[in-house]
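Q: Following is a predicted model, sequence given first.
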Amino acid sequence: MKLVMIFGPQAVGKMTVGHELEKMTELKLFHNHMTIDLVGQFFNYSTPAGKRLVYLFREEIFKEAAVSDLSGMIFTYVWAFDLQADWDYVAKVKELFESNGNSVYFVELEAQLSERLKRNKTPHRLAHKPSKRDLAWSEQDLLTTLDKHRLNSYVGEIQEENYLRIDNTSLSAKEVAELIKRTFRL
């Protein structure tokens, strides 16, 4: 079982790349809004109840996947590098999979802000992420989060053996997925 964790700031293309990677491998995509938007029908993600439920759903899915006969999973995540809680969460997910004999691969995406603002409005993104359909709110959230948190790592900060950093500003999602597949021999 392989876990490919794709992370980076909002609208960098994590889910879209994940969809492309899913098409060309046997890995199943579990993008972060699958739980956020599910829980969001009842509790706003910014509330304690919303955050707790998203965490619990993800944790239970990870526990089952880690011991399953799935070939693998692609998980997307916005990692705030300035928050120890996010580092701890990533370490916990990694440990869950590796302790069950699975491999974990880290893919960091980065793109220029101007490109991310364009991607924030794409039909593909809006079709799969209902909470992003309020474009004024979504764009403001993207900008506020960028001001508030560091959403890409410093060069050399991530010391994982299976790590790939890609500036996908000018690359298609398919090109990025092919690079991930080739690099990690998925």
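A: Yep, that arrived.

Q: what's the burial count for residue 125?
A: Residues contacting residue 125 under the criterion other Cβ atoms under 10 Å number 19. Bear in mind the C-beta positions are built from the backbone N, C-alpha and C, glycine included.

Q: One more: the one 4 residues further on?
A: Other residues within reach of residue 129 by the criterion other Cβ under 10 Å amount to 20.

Q: Please report how far it lies from residue 68.
A: Counting by Cβ to Cβ, to the nearest Å, the separation of residue 129 from residue 68 is 26 Å.

Q: same question, residue 139
A: 38 Å.

Q: Name the residue in the two with the higher neighbour count.
A: residue 139 (17 against 14).

Q: continuing past the longest helix seen in the chain, what's the next helix or strand?
A: Across the chain, the helix with the greatest residue count (assigned by DSSP state H) is helix 48-66. Downstream of helix 48-66, the first helix or strand assigned by DSSP states H and E is strand 72-77.

Q: partner strands of that next one, parallel or antiparallel?
A: Strand 72-77 pairs in its sheet with strand 2-7 (parallel), strand 28-30 (parallel), by DSSP bridges.

Q: Most tightly packed of those strands?
A: Neighbour counts (mean count of other Cβ atoms under 10 Å) averaged over each of the strands paired with strand 72-77 peak at strand 2-7, with a mean of 24.

Q: Quick one: name whatever helix or strand follows that strand.
A: Next along the chain after strand 2-7, taking DSSP H and E as the criterion, comes helix 14-24.

Q: Strand 2-7 and that following helix, what's the angle between them?
A: Following axes from the mean of the first three to the mean of the last three Cα atoms, to 10 degrees, one obtains 150 degrees for the angle between helix 14-24 and strand 2-7.

Q: outside of helix 14-24, which residues touch it?
A: For helix 14-24, the external contacting residues (Cβ atoms under 8 Å, 6 or more residues apart in numbering) are 4, 6-8, 27-29, 31-33, 74, 76-77, 107, 109, 119, 122, 124-125, 128-129, 168, 173-174, 176-178, 180-181, 186.

Q: swap the cut-off to 7 Å and go again
A: 4, 6-8, 27-29, 31, 74, 76, 109, 124, 128, 173-174, 176-177, 180-181 (Cβ atoms under 7 Å, 6 or more residues apart in numbering).
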